[in-house]
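Enquirer: sequence first, then the predicted structure:
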Amino acid sequence: MLRVALYVCPQTVCSSLSMAQDAFGMANRLSGSPRFQVQRFSLDGQPVQLDFAEIQVDGGLDLGERADLLILPATGSAVTRTLEANARLLPWLAARQEQQVASLCSSAFLLAAAGLLDDRRATTHWALADAFARRYPKVHLHSEQLLTQDGRLFCSGGAQAGLDLCLHLLALHGGEGLARQVAAALVVERQRGLQTRFAPLLPEVEEGPMTPLLHWLHAHHGEAIDLECLTQQAHCSPRTLLRRFKAWTGLTPSDYLQRLRISQAQQALAGSGQSLEQIASAIGFADRATFAKRFKQLCGETPGAFRKRMQRSG
């Protein structure tokens, strides 16, 4: 029987904890006999008060040391507070050299702070990716992925991606058939693709000197637009435009325009019966093939797959 230990601290996201426990509990029920011993542990072995529930635990760090698989459920977006509150956990984590260790969502910061992810592949919630990359430059961050595995270390992206990782762990230790059974019982897809599908394409920006240019881009995105055209609209030199635009949006004008066009394509695919050729032409692409290639690069799936997913969810 595989011993699974779930770490609980005051910053633990209750839904992430229950999701992991439900996945392994469902696997035990579908297997007909227990295949996973799932327990909870805290720093001191005492119950942990979360926002709206007191979570009972089965032991402290010594329980975690006896587990075959450690799982750190999500700990929210207040990363600095979480790291400070769990300072005692970090050296203990660093010493876990033989066990499998998995982080759900934001708890990748705990693994990275313990040094476990240096020169390793990892992922976390897409909204935390920039902060993670700045804080831990030695980690090979793949924020487009729903989950990563690098040897005995596992990470998942945001929120429900934790369930994708739990299914991956179930497949690893119980077989792909069991993982598919659990996915079906929980009414979720197995292997859902990239996290990129859920991240917004365009950054949120405040009003500023580039606002009129953005408004113009949104109105004319389907036209042929080059840097000279943009400088005329912005009334500045190309160098000044590139510097100001990147500082304000985090993107080059060209990248912003491509993302704007693809975001418009997403709306058209979800809400109209236009062909891919018609959509590509309307948003400024020369042909369907170029449009489809760029769409998949930014969205992690083809335009056709995106349309089918939107139809299913609608």
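Expert: Cool, the structure landed. If you're wondering where the values come from, they're calculated on a predicted model, not measured in any experiment.
Enquirer: in this protein, what spans have low per-residue confidence?
Expert: 313-314 (pLDDT under 70).
Enquirer: one more time with 80, if that's ok
Expert: For the chain, the stretches flagged by pLDDT under 80 are 191-199, 309, 311-314.
Enquirer: domains in the chain, by residue range?
Expert: What automatic domain parsing lists as the domains of the chain is 2-196, 211-313.
Enquirer: and the first one, how far out from the chain middle?
Expert: Taking the mean of its C-alpha atoms, domain 2-196 sits 13 Å from the chain's own mean (CA atoms, centre = their mean, to the nearest Å).
Enquirer: what is the end-to-end distance of it?
Expert: The straight-line separation of the ends of domain 2-196 (CA to CA, to the nearest Å) is 32 Å.
Enquirer: cool, and stretch 229-247?
Expert: Stretch 229-247 has an end-to-end distance of 20 Å (criterion: CA to CA).
Enquirer: run the chain-centre distance for that stretch.
Expert: Between the centre of stretch 229-247 and the centre of its chain there are 33 Å (CA atoms, centre = their mean).
Enquirer: give me the phi and psi for the residue nearest the centre of the chain.
Expert: Nearest residue to the geometric centre of the chain (CA atoms, centre = their mean): Gly157, 2.9 Å. Main-chain dihedrals, Gly157, degrees, to the nearest 10: phi -80, psi -150.
Enquirer: how about it, what does it touch?
Expert: Taking CB atoms under 8 Å, 6 or more residues apart in numbering, we find Gly157 in contact with 105, 123-126, 143, 145-147, 164, 195. Where C-beta positions appear, they are placed from N, C-alpha and C, glycine not excepted.
Enquirer: for the stretch 101-250 of the chain, what spans make up the strands?
Expert: In the stretch 101-250 of the chain, the segments counted as strands under DSSP state E, counting those that start in this stretch are 121-122, 140-141, 147-150, 153-156.
Enquirer: nearest to Thr75, of those strands?
Expert: With CB to CB as the measure, strand 153-156 is the member of these nearest Thr75 (12.8 Å).
Enquirer: neighbours around the closest residue to Val8 other than its chain neighbours, how many?
Expert: Nearest non-adjacent residue to Val8, counting by CB to CB, 6 or more residues apart in numbering: Val48, 4.6 Å away. The number of residues packed around Val48, counting by other CB atoms under 10 Å, is 21.
Enquirer: cool, Gln99 as well?
Expert: Neighbour count for Gln99, taken as other CB under 10 Å: 18.
Enquirer: phi, psi for it please.
Expert: Phi and psi for Gln99, reported as degrees, to the nearest 10, are phi -80, psi 160.
Enquirer: what distance do you get for it to Arg152?
Expert: Distance, Gln99 to Arg152, by CB to CB, to the nearest Å: 7 Å.
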